[in-house]
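A.B. asks: coordinates for the following, if possible.
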Amino acid sequence: MKIASRKSRKNLRHKRVRKQINGSTDRPRLSVFKSSKHIYAQIIDDVNMNTLVSASSLTPKVIDSLGKDSSGKIDVASAVGKLLGELAVAKGIKKVSFDRGGYPFHGRVKSLADGAREAGLEF
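C.D. replies: Below you'll find the predicted structure:
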């Protein structure tokens, strides 16, 4: 019996989540990707196949808001969520479907979701 790699197990979870979550023009999909150093989020309209809003830990506004001495990756993820929510609300997007990207809903992913909710997004 072959043991699946960590990446292939994550991809299987992601596919399982994506079977149920689709972004429409009324309710686009908020997609999350995280690497070991950074976190990225974007709001996607799957019908028209385009990205409406995006933010990441590399965005200058996030870096400026945290300053030099941020206390960790969870705070960075929260700042990314807040920025993404603010940009989405400014574009008139209120409701989204949350796509956690195969990651468990805790830690940085949960922090990003909470930051987006604080900024006014509903999911």
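
A.B. asks: for the lengthiest helix in the chain, list every residue counted as buried.
C.D. replies: Using DSSP state H to define each element, the chain has its longest helix at helix 73-90. Residues of helix 73-90 classed as buried: 73-74, 76-88 (neighbour count, 16 or more other Cβ atoms under 10 Å). Using the backbone N, CA and C atoms, a C-beta is placed for each residue, glycine as well.

A.B. asks: same check, this time on stretch 114-121
C.D. replies: By 16+ other Cβ under 10 Å, the buried positions in stretch 114-121 come out as 115-116, 119, 121.

A.B. asks: ditto for stretch 31-51
C.D. replies: Quick answer for stretch 31-51 (16+ other Cβ under 10 Å): 31-32, 34, 39-46.

A.B. asks: and those as JSON lines, adding pLDDT?
C.D. replies: Listed next are the buried residues of stretch 31-51 as JSON lines, based on pLDDT from 0 to 100:
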{"residue": "31", "pLDDT": "94"}
{"residue": "32", "pLDDT": "96"}
{"residue": "34", "pLDDT": "94"}
{"residue": "39", "pLDDT": "96"}
{"residue": "40", "pLDDT": "97"}
{"residue": "41", "pLDDT": "97"}
{"residue": "42", "pLDDT": "96"}
{"residue": "43", "pLDDT": "96"}
{"residue": "44", "pLDDT": "94"}
{"residue": "45", "pLDDT": "92"}
{"residue": "46", "pLDDT": "88"}
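
A.B. asks: how about stretch 5-24: buried residues?
C.D. replies: For stretch 5-24, by 16+ other Cβ under 10 Å, it's 14, 23.

A.B. asks: who's in contact with that stretch?
C.D. replies: By Cβ atoms under 8 Å, 6 or more residues apart in numbering, the surrounding residues in contact with stretch 5-24 are 4, 29, 43-47, 96-103.
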